[in-house]
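>>> How does the following fold in three dimensions:
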Amino acid sequence: MPRRIFTVFGGTGFLGRRIVAGLLGHGFAVRVASRHPDKIRMSSGTEDGPTPVRADVRDADAVDAAVSGAEGVANAVSLYHEGGGVTFRGVHVDGARNVAEACRRHAVRRLAHISGIGSDPASSSSYVRHRGLGEAAVRDGFADAVLLRPSVMFGPDDALLTTLAALGRWMPVIPLFGQGTTRLQPVFVDDVAQAVTSALAGNDRPERLYELVGPEVCTYRELMAMVLRSTGRRRLLLPLPFFLWDGLAAAARLLPAPPVTEGQVALMKRDNVAAPALPGLRELGVAPTPIRGVLDTLSSAPGLRPSR
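Predicted coordinates for the structure are as follows:
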């Protein structure tokens, strides 16, 4: 019996490589479609690893070839800052449309498109707006696509807890987004990857939209305080008005790797929690992981705790 084939776009990223590992762990054949397939680094624990495929989501022909013959497709491609000719529209809208239309042409059984809570086609933020427009493009291209909107994700090598812990190590004063009162519902990246696998490969017909969040709601200030406690540090938390963050993000666009982006600032202006009426992790058979247990593991990394 031939192995079931799944294609993962963005399979070398923070979430994507965990989706790939999860699918491999179920014994499926996995294609990793990426602009940089040479970056694939996977410890799947399986004899057969993923098949690297060079494919830029903006290239419709390359996307078509990567999708051909696949039972399911996950689009985990994400862009947080524009540069080098790569734009939010090109990746989040045109690229998402290319993937969806290729799935329709090849009669793919299931498409899982990973977006994010807060995606809004009417937003004044270019990042948030194009995320929302991308969802609409996916719906137009593949009507039965499953949209998965995770909250801010945490896990080893993340851009959230690891970054906050590093700030606590190096900075005596830590700036907050606004008053630090934006509510977050951080979700463990492994839980999101497991949910994507369930949506792609499960026998049950999934819903068309999920919001994936952790079990705890906290403000940004509370989260920062939690991180500092776990690393044994005391720091001053300084509220910083959003207009200053907007200016910093605009200036940071000139850098090759901006420490803060306009998209990140825009997302921190609104609560990032799930809508109560929408299904989430549990409906996909995943028990949400509390942030504290993972935080203890992350904060024990070398250099994040003060020396004694």
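
>>> Show me where the stretch 101-250 of the chain has its strands.
Per DSSP state E, counting those that start in this stretch, the stretch 101-250 of the chain carries strands over the ranges 110-114, 146-150, 153-154, 173-177, 183-184, 187-188, 209-212, 218-219, 236-240.

>>> now the fourth one: how far from the chain's centre is it?
For strand 173-177, the separation from the chain centroid amounts to 24 Å (computed by Cα atoms, centre = their mean, to the nearest Å).

>>> what does the second one give?
Between the mean C-alpha point of strand 146-150 and the mean C-alpha point of its chain there is a distance of 10 Å (Cα atoms, centre = their mean).

>>> just the third one next, same as before
In this view, strand 153-154 has its centroid 8 Å away from the chain centroid, taken as Cα atoms, centre = their mean.

>>> counting contacts, what elements does it pack onto?
Packing partners of strand 153-154 (3 or more Cβ pairs under 8 Å, 6 or more residues apart in numbering; DSSP states H and E): strand 187-188, helix 189-201, helix 291-299. From N, CA and C alone the C-beta is placed, and that goes for glycine too.

>>> out of those, nearest to P175?
Distance to P175, taken as Cβ to Cβ, is lowest for helix 291-299 among the helices and strands packed on strand 153-154, at 20.4 Å.

>>> could you give the angle of the closest one to helix 189-201?
If you take axes from the mean of the first three to the mean of the last three Cα atoms, to 10 degrees, helix 291-299 sits at 120 degrees to helix 189-201.

>>> count of residues packed around the nearest residue in space to P256 that is not next to it in sequence?
Nearest-residue entry for P256: G83, 7.4 Å, with adjacent residues in sequence omitted and distances by Cβ to Cβ, 6 or more residues apart in numbering. Residues near G83, counting by other Cβ atoms under 10 Å, number 13.

>>> Run through the bridge partners of G83.
V86 (DSSP bridges).

>>> so it touches A257, yeah?
No: between G83 and A257 there is no contact under Cβ atoms under 8 Å: 9.6 Å.

>>> ok, now which ones touch V77?
With Cβ atoms under 8 Å, 6 or more residues apart in numbering as the criterion, the residues that contact V77 are 9-10, 13, 16, 57, 91, 95-96.

>>> Identify the residues contacting the closest residue to it other than its chain neighbours.
Nearest in space to V77, with sequence neighbours left out and distances taken as Cβ to Cβ, 6+ apart, is G10 at 3.7 Å. Applying Cβ under 8 Å, 6+ apart, we find G10 in contact with 16, 33-34, 75-78.
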